[in-house]
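Q: here's my sequence, what's the structure:
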Amino acid sequence: MRPRSPLATAPPDSIPGVSILRPLKGLDANLYENLESTFTQEYPNFEIILSVADEQDQALPVARDLISKYPSIDARIIIGAYTVSNVADSAEESNSGEEVVGVNPKVNNLIRSYREATHDILWVIDSSVSVAPGTLARSVDLLESSTRTKPPKRRVALVHHVPFVSAPEGFLGSRIEEAFLNTNHAKMYLAINTVSIESCVVGKSNLYRRSDLERVNGSLKPRAHTESDDDQDCTRGLAAFGKFLAEDNMIASALWHELDLRHDLSCDVAHNAIGKMSLSDYVWRRVRWIRVRKHMVLAATILEPFTENLIASSIAAASLWYLFDIPVWLFLVVHHAAWLWVDLDVYESLAGHPLPADRRWWFISAWCLRELLALPIWFLAMLGNEVIWRGKKYEVLRAGEVRGTLSDGNHKGLFTRWRQRDHHYQPLLSNHSDT
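A: Next up, the predicted model:
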């Protein structure tokens, strides 16, 4: 049972306001429910800004429908050079058009929402994510908690949520992605954020202050060392992160290192429904993020295979056989069974319920395939620097910066080609609750 924050029922003028920013691009799986989950937040003081790059975006009818459905919610749409209000239901031209601040299309989509937001606290949440009604109140509570402690602790600059994935369509790549994110990824994500010795944030759902972000530039150098950079040539704020592909991780790292602030992990999850994902899609998606990570945290990326089940168990089995003459086969059976049991426990903890019986063997099969693919994918990723994102090809540079390339967005060879992900509407498996 997730506790209900007292902020959920507080008078609107007694709590900090929040601007919810949702960048949209096409029809993500369950887009309607994803966006509606922000309209139904149990928090008395927030606004919603939905942004798209152009008038032809397929997400626009969904956004407009929700704004009409919830007239009491302060919500508006930014379309390139236009802002559509939920009050007038018309477009009025603003002073600037769509602004390109870097190669990252998500940052370009967000930049006007970021600047036009009414409140200092921003909740940036992907269009593929839905959340429980009490998520915002609990997140603001965490963001503000460090300012109320005596003596004051290192202030919380960012609150984030563990991604939790469902694959309603049942495609092979979708099921493997589900098994990966809900077990191995979640396990490492929770562990790193529990020890809290370094920044580790995924940008599915992040809450932070614009006033903090306006003080950082992505250099990861302590603020005292960059005071002399307060000139016009030094870009700060969200625009400074348009050159990174993993802008979410870099924003979190900048708040951590440049301002010496910390993060906090909410008890809520960012629920992400995956649409059609083939095996090839899954492989190249994992390759993309490993290639980005190796340019950001090389040492950790090199050590990554040793955290995998097959490598760790092989080393342990060989060592125990050599030292204590324990049969390799016996240890491996026990080890793999224990590893699977832990991963299933992580899944159940995040889901709030056991893995449904009708999906158990599908999930275990996908889990086994992910374990077998982990090392080959890692080797494939380490051998290159080019990645595909949203149908465009980029070259990953130092510190995770990227630049566009002129070649097409197709992968050829081992897995035939990169296929752009199709987004299809699927009903949610269950309704969200705060339990």
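
Q: so which bits of stretch 317-328 are buried?
A: 317, 320 (16 or more other Cβ atoms under 10 Å). In short, each C-beta sits where N, CA and C put it, glycine included.

Q: what helices or strands is the helix or strand where residue 311 lies leaning on?
A: Assigned by DSSP states H and E, residue 311 belongs to helix 309-324. Packing contacts for helix 309-324, counted by 3 or more Cβ pairs under 8 Å, 6 or more residues apart in numbering; DSSP states H and E, involve helix 328-351, helix 360-382.

Q: immediately after the last one, which helix or strand?
A: Sequence order places strand 386-389 as the next helix or strand after helix 360-382, per DSSP H and E.

Q: please enumerate the helices of the stretch 101-250 of the chain.
A: 105-116, 135-145, 172-179, 186-195, 210-213, 247-258 (DSSP state H, counting those that start in this stretch).

Q: look up phi and psi at the most centrally placed residue in the chain.
A: In the chain, the centroid-proximal residue (Cα atoms, centre = their mean) is residue 204; its distance is 2.5 Å. Per-residue torsions, residue 204: phi -60, psi -40 (degrees, to the nearest 10).

Q: one more: residue 47?
A: phi -130, psi 160.

Q: for the residue nearest to it when sequence neighbours are not counted, grab phi and psi.
A: Leaving aside its sequence neighbours, residue 47 sits nearest to residue 74 (Cβ to Cβ, 6 or more residues apart in numbering; 4.2 Å). Here is the backbone geometry of residue 74 (degrees, to the nearest 10): phi -70, psi 100.

Q: wait, residue 74 touches residue 46, no?
A: Yes - with contacts counted by Cβ atoms under 8 Å, residue 74 reaches residue 46, the gap being 7.4 Å.

Q: can you count the residues close to the residue nearest to residue 47?
A: Neighbours of residue 74 under the rule other Cβ atoms under 10 Å: 17.

Q: cool, residue 24 as well?
A: 25.

Q: contacting residues for it?
A: Residue 24 makes contact with 31, 50-52, 57, 59-60, 63, 109, 127, according to Cβ atoms under 8 Å, 6 or more residues apart in numbering.

Q: not counting residues beside it along the chain, what's closest to it?
A: residue 59 (3.9 Å).

Q: would you confirm that the one you found contacts residue 23?
A: No - between residue 59 and residue 23 there is no contact under Cβ under 8 Å: 9.6 Å.

Q: mutual contacts of those two, please.
A: With Cβ under 8 Å, 6+ apart as the test, residue 59 and residue 23 both reach 52, 127.

Q: secondary structure class for residue 19?
A: Secondary structure state of residue 19, per DSSP: H, G, I helix; E, B strand; the rest coil, is strand.

Q: not counting sequence-adjacent ones, nearest residue to it?
A: residue 117 is the one closest to residue 19 (Cβ to Cβ, 6+ apart), at 3.5 Å.

Q: can you pull the poorly scored residue ranges out of the stretch 201-350 of the chain?
A: 224-233 (pLDDT under 70).

Q: how much space between the residue nearest to residue 47 and residue 24?
A: In this view, residue 74 and residue 24 are 18 Å apart by Cβ to Cβ, to the nearest Å.

Q: equivalent analysis for residue 295, please.
A: 29 Å.

Q: which ones are touching the residue located most distally from the centre of the chain?
A: Distance to the chain centre peaks in the chain at residue 325, reaching 45.0 Å (criterion: Cα atoms, centre = their mean). Going by Cβ under 8 Å, 6+ apart, residue 325 touches no other residue.

Q: phi and psi next, for it.
A: Dihedral angles (degrees, to the nearest 10) for residue 325: phi 60, psi 30.

Q: ok so, going back, now flag whichever of the contacts of residue 24 is closest to residue 273.
A: Taking Cβ to Cβ as the measure, residue 273 lies nearest residue 31 of these, at 9.4 Å.

Q: tell me, how many residues neighbour that closest one?
A: Around residue 31 there are 23 other residues, counting by other Cβ under 10 Å.

Q: contacts only, for the closest residue to residue 5 other than its chain neighbours.
A: Among residues not flanking residue 5 along the chain, residue 137 sits closest, at 3.8 Å (Cβ to Cβ, 6+ apart). Residues near residue 137 by Cβ under 8 Å, 6+ apart: 4-5, 7-8, 41-43.

Q: and those residues, which are buried?
A: For the contacts of residue 137, buried by 16+ other Cβ under 10 Å: 5, 7-8, 41-43.

Q: got those as a markdown table, with distance to residue 367 and secondary structure columns?
A: Formatted as a markdown table, the buried ones among the contacts of residue 137 follow (distance: Cβ to Cβ, whole Å; DSSP: H, G, I helix; E, B strand; the rest coil):
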| residue | distance to residue 367 | secondary structure |
| --- | --- | --- |
| 5 | 35 | coil |
| 7 | 38 | helix |
| 8 | 37 | helix |
| 41 | 33 | coil |
| 42 | 35 | coil |
| 43 | 37 | coil |
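
Q: brilliant, that's me finished.
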